[in-house]
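**Q** Predicted structure and sequence below. I'll ask about it afterward.
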Amino acid sequence: MGSIKENIDNVEKRIQAACDRSGRKREDVLLLAVSKTIDVPRIKEAVDCGLTSLGENKVQEIMDKYEPMGEGIHWHLIGHLQTNKVKYIIDKVELIHSVESMKLAEKISKLAQERNLTANILLEVNVAEEESKFGIKPSECEEMVRKISVLPNICIKGLMTVAPFVENPEQNRVYFRQLRQLLVDINSKKIDNVNMDVLSMGMTNDYEIAVEEGATIVRVGTGIFGARVYPNKK
Ligand SMILES: *Cc1c(COP(=O)(O)O)cnc(C)c1O
């Protein structure tokens, strides 16, 4: 791995190449820098390279970094969210990628009403139906979209998935394709107030495949900041 700047240049090149291969425009893909476990000075290096959209998987980390990172950051919550913690981040994040229950959606809607804002969310879909993963089943998706679409102050922008960990990223192409098809299918039902256009899929290991399959947000951590160090784990 090189410096953060070199890493970003490399990721940018690869995203551009994936766009070229699939006839897509670079500006239709957001590179979300996943800054979990990374300290503020290093995150600022990435921001200085132009990456102002940051993804965190823990509420606490967003709260800790929010003030030090200052203005102009677009925070995304990409990890599991407990209903009792929604209140801490509802007015701080631009997009919550990880909604996977009605209980959580209802809580987000309620707090968004109280704060007089609209919360943008994605539904997390466990496309590969892995036991260990968060997310709803593809077969449950349409019904949940319908139920959330009638809640006030919450807007479903699209779908998100965390694909399986695989040696060969080509193995995940099928799941990215399925997530995109699910979005197309649900949009075709013309549900009132539902027009999803965000597909959050692809991580360091497989973002190029995800872009080829239509990702509009790729979530890249290791590819930008290098391997993560978890201080409280042995
Ligand atoms: C950590 C994380 C990522 C980034 O993973 P890398 O393999 O380091 O790119 C993406 N999405 C989610 C939900 C994550 O928790």
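**A** Now that the structure is in, tell me what you want to look at.
**Q** Now the helix or strand hosting Ile8: buried residues?
**A** Secondary structure assigned from DSSP states H and E places Ile8 in helix 4-22. Using 16 or more other CB atoms under 10 Å as the test for burial, helix 4-22 gives 4, 7-8, 11, 14-15, 18-19. C-beta coordinates here come from the backbone N, C-alpha and C atoms, glycine included.
**Q** swap in stretch 223-233?
**A** Residues 223-225 are the ones in stretch 223-233 that count as buried (16+ other CB under 10 Å).
**Q** returning to what we had before: for the helix holding Ile8, C-alpha coordinates in PDB please.
**A** Output in PDB follows, covering the C-alpha atoms of helix 4-22 (Å, rounded to 0.1, in the frame of the first residue of the first chain):
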ATOM      1  CA  ILE A   4      -3.400   7.700   1.200                       C
ATOM      2  CA  LYS A   5      -3.100  10.000  -1.800                       C
ATOM      3  CA  GLU A   6      -1.500   7.200  -3.900                       C
ATOM      4  CA  ASN A   7      -4.200   4.800  -2.800                       C
ATOM      5  CA  ILE A   8      -7.000   7.200  -3.700                       C
ATOM      6  CA  ASP A   9      -5.400   7.800  -7.200                       C
ATOM      7  CA  ASN A  10      -5.300   4.000  -7.700                       C
ATOM      8  CA  VAL A  11      -8.900   3.500  -6.600                       C
ATOM      9  CA  GLU A  12     -10.000   6.500  -8.800                       C
ATOM     10  CA  LYS A  13      -8.200   4.900 -11.800                       C
ATOM     11  CA  ARG A  14      -9.900   1.600 -11.200                       C
ATOM     12  CA  ILE A  15     -13.400   3.200 -10.800                       C
ATOM     13  CA  GLN A  16     -12.900   5.200 -14.000                       C
ATOM     14  CA  ALA A  17     -11.800   2.000 -15.900                       C
ATOM     15  CA  ALA A  18     -14.800   0.100 -14.600                       C
ATOM     16  CA  CYS A  19     -17.100   3.000 -15.700                       C
ATOM     17  CA  ASP A  20     -15.400   3.000 -19.100                       C
ATOM     18  CA  ARG A  21     -15.900  -0.800 -19.500                       C
ATOM     19  CA  SER A  22     -19.600  -0.500 -18.600                       C
END
